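[1] for reference, the sequence and a predicted model appear below.
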Amino acid sequence: MSGAPQELLTRVADIARQAGREILEVYASQELAATLKADESPLTAADLRAHRLIRDALHALTPDVPMLSEEGADTPFAERSAWRRYWLVDPLDGTREFISRNGQFTVNIALIEGHAPTLGVVHVPVTDTSYRGLPGVGAWRQESGAPPREIHVSARTASPVRIVGSRSHRGSSLDTFLSRVGPHEFVPVGSSLKFCMVAEGAADVYPRLGPTSEWDTAAAHAVVAGAGGTVRSLEGGPLEYNAKAALLNPYFVVYAASDRDWLGLLARP
């Protein structure tokens, strides 16, 4: 793979932005009709246009690195288990948000090496804002026409606690967690923007107690890790990628500061 990590990150951010423009063309056309995939999640023309652009651009950039995308996720585990490095992509994360026109949808592109994200870009088409992350190096936010600026998680948990959660998926387990936390502000947000809010210090914790797939989290996971935050399964281990046949994540929590026992608060009674 050619190019230093920062150069590669810049190139990938540009690809994500191009995909965002494809999505916005559909968004502006009023043609938001969706079909249902086998898992009953919605699929639009925007998903497919973004997928094709990212697939072709990443192949041109890194021809020897395979890609796993939500819209092309039929690679059998027997084949992909041999991958040591690959791109993990969600061309349009938050399709329900796209259809409902609330603007809270993103383009997610991550590079996975050794079951962990080593580079990630989350692009927000509606605001032309990109979040970039290199775990162990740093994380940045870039708004249209401005240079990237470094972002960091909050050094300590705010009072009241600032919690972000899913706009489309909420269950009784989340309500139990909220009751245990004490005074808090809860903000429902769509797509991987929840991770990004923790990464830039706008939220303290994001508990995910509902289903997600690996392409939903990998890019934003890299951003949070680069910004100094933590992503853990409820058992306390790291989220791993391409380590099993199923592409579903375990439930997890994303947090900034370690001054609260987040895993204890999320433990079953």
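    Received, thanks. Residues are numbered from 1 along each chain as shown.
[2] buried ones in the helix or strand harbouring F186, by neighbour count?
    Element membership for F186 (DSSP states H and E) is strand 184-189. The neighbour-count check on strand 184-189 (16 or more other Cβ atoms under 10 Å) flags 184, 186, 189 as buried. All C-beta spots, glycine's among them, are computed from the backbone N, C-alpha and C.
[3] one more: stretch 44-58?
    44-55, 57-58.
[4] re earlier: what's the first helix or strand after the strand holding F186?
    Per DSSP H and E, the helix or strand that comes after strand 184-189 is helix 193-199.
[5] got a list of contacts for that following helix?
    Here helix 193-199 makes contact (Cβ atoms under 8 Å, 6 or more residues apart in numbering) with 94, 104, 106, 122, 124, 131, 133, 139, 141, 151, 153, 164-166, 187, 189, 203-206, 217, 220-221, 223-224, 226-227, 229, 231, 254-256.
[6] figure out how far the next helix or strand along the chain from it is from the centre of its chain.
    Following helix 193-199 in sequence order, the next helix or strand is strand 205-208 (DSSP H and E). Computed by Cα atoms, centre = their mean, to the nearest Å, the chain-centroid distance of strand 205-208 equals 13 Å.
[7] for stretch 68-88, same thing?
    Put simply, stretch 68-88 sits 17 Å off its chain's centre (Cα atoms, centre = their mean).
[8] T62: which of the buried residues of strand 184-189 is nearest?
    Distance to T62 across the buried residues of strand 184-189 (Cβ to Cβ) is lowest for V189, with 31.3 Å.
[9] tell me the spacing between that closest one and F195.
    10 Å (Cβ to Cβ, to the nearest Å).
[10] kindly report the same for A46.
    A46 is 21 Å from F195, by Cβ to Cβ.
[11] only C-alpha atoms, please: export the helix or strand where R55 lies in CSV.
    According to DSSP H and E, R55 maps onto helix 45-61. Coordinates of the C-alpha atoms in helix 45-61 are reproduced here as CSV (Å, rounded to 0.1, in the frame of the first residue of the first chain):
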residue,chain,number,x,y,z
ALA,A,45,-30.4,4.4,-5.1
ALA,A,46,-28.0,6.5,-3.0
ASP,A,47,-26.6,3.5,-1.2
LEU,A,48,-25.8,1.8,-4.5
ARG,A,49,-24.3,4.9,-6.1
ALA,A,50,-22.1,5.6,-3.2
HIS,A,51,-21.1,1.9,-3.0
ARG,A,52,-20.0,1.9,-6.6
LEU,A,53,-18.0,5.1,-6.4
ILE,A,54,-16.2,3.9,-3.3
ARG,A,55,-15.5,0.5,-4.7
ASP,A,56,-14.0,1.9,-7.8
ALA,A,57,-12.0,4.6,-6.1
LEU,A,58,-10.5,2.3,-3.4
HIS,A,59,-9.6,-0.2,-6.0
ALA,A,60,-7.7,2.5,-8.0
LEU,A,61,-6.0,3.7,-4.8
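[12] contact partners of it?
    Counting by Cβ under 8 Å, 6+ apart, 8, 11-12, 15-16, 18-20, 22-23, 25-27, 31-33, 65, 67, 69-72, 87, 89, 91-92, 95, 98, 107, 109 sit against helix 45-61.
[13] next one: stretch 67-86
    Residues contacting stretch 67-86 (Cβ under 8 Å, 6+ apart): 1, 43, 47-48, 51, 54-55, 58-59, 65-66, 87-91, 111-114, 213, 215, 242, 244-245, 247.
[14] buried stuff in it?
    So for stretch 67-86, counting by 16+ other Cβ under 10 Å, buried means 67-71, 75, 86.
[15] swap in stretch 16-34?
    Within stretch 16-34, the residues that count as buried by 16+ other Cβ under 10 Å are 16-17, 19-20, 22-23, 26-27, 32, 34.
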